[in-house]
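Novice: Sequence plus the predicted model coming up.
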Amino acid sequence: MTFRSLILIALMGIVGHAVAEEKQNVPPEGFVALFNGKDLSGWRGQGHKSPYELEAMSPKDREEWQAKEDAEMKKHWRVDGEDIFNDGQGPYLTTVKDYGNFELWVDWNMEPLGDSGIYLRGTPQVQIWDTRKEGGKWNLGANFGSGSLWNNKKNGKNALVLADKPLGEWNRFYIKMVGPNVTVKLNDKLVVDNVPLENFWDAKKPLPEKGPIQLQTHGGDIRWRNIFIKELP
């Protein structure tokens, strides 16, 4: 065996050890992990539901409704290794806690033909696409890439750049929300630049000051991990 071969083997061992030692779901300084890497503590089920409808429910009706949503959520969401796995169906995975202004990190990995997103303050949404032509949604803007505020009628509906990695690889969102304004980076590339998220539920009203973070289901397997948040004043 040549000296060069020995060096290459040694380097491969170092890299392999580093990968093995890399820990998932450990928040950076100043952030809190929304997913503990073990179970779905701190999360509940909630589908595409107007906050105004929820507010109008009686406490009893809302409790019964929430129990049904939670039961259905557990059929489609589970922890698989160090990831949260969803089969593309069921209510959205929703934080128990509401958030106002924040910085959010989310890693996601989607299968072909998937379609998903992240609701901010319970409002749709930071979009996740299968960006290939074969995905069948170029007519909806999938060719622009993930990260857009797709339900906006004005600015932000299409991502500024296509920053998605190939399907099957992990992507990372950085999302900052202050007031109604949202900035999104996908894999360190700016895709939404300080754009107001419009109130999808009632355009005549301002965006709610607080609400949950929701991981959307919309067909197609998807995995999530490294979900970290820092609340801002």
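Specialist: Arrived safely, thanks for sending.
Novice: I'd like to know how far the nearest residue to Gly220 once chain neighbours are set aside sits from Arg223.
Specialist: Spatial nearest neighbour of Gly220, chain neighbours left out: Gly114 (2.9 Å); criterion: C-beta to C-beta, 6 or more residues apart in numbering. The C-beta positions use only the backbone N, C-alpha and C, and glycine is treated the same way. Using C-beta to C-beta, to the nearest Å, one gets 10 Å for the distance from Gly114 to Arg223.
Novice: Thought Gly45 was touching Leu93, still the case?
Specialist: Yes: using C-beta atoms under 8 Å, Leu93 is in contact with Gly45, at 7.2 Å.
Novice: quick one: common contacting residues for these two?
Specialist: Residues touching both Leu93 and Gly45 by C-beta atoms under 8 Å, 6 or more residues apart in numbering: 73, 77.
Novice: now the strands for this protein?
Specialist: 32-33, 43-46, 77-80, 83-86, 92-95, 101-110, 115-120, 123-129, 171-178, 181-186, 189-196, 214-215, 222-232 (DSSP state E).
Novice: give me the low-pLDDT residue ranges for the protein?
Specialist: Scanning the chain for pLDDT under 70 picks out 1-22.
Novice: which ones are touching the residue positioned nearest the centre of it?
Specialist: The centroid of the chain falls nearest to Ile118 when counting by C-alpha atoms, centre = their mean (4.3 Å). Counting by C-beta under 8 Å, 6+ apart, Ile118 touches 104, 106, 125-126, 128, 173, 175, 213-216.
Novice: do you know how far it is from Glu63?
Specialist: Separation of Ile118 from Glu63 (C-beta to C-beta) stands at 26 Å.
Novice: hmm, back to that, which residues does the residue nearest to Gly220 contact?
Specialist: 88, 128-130, 167, 218-222.
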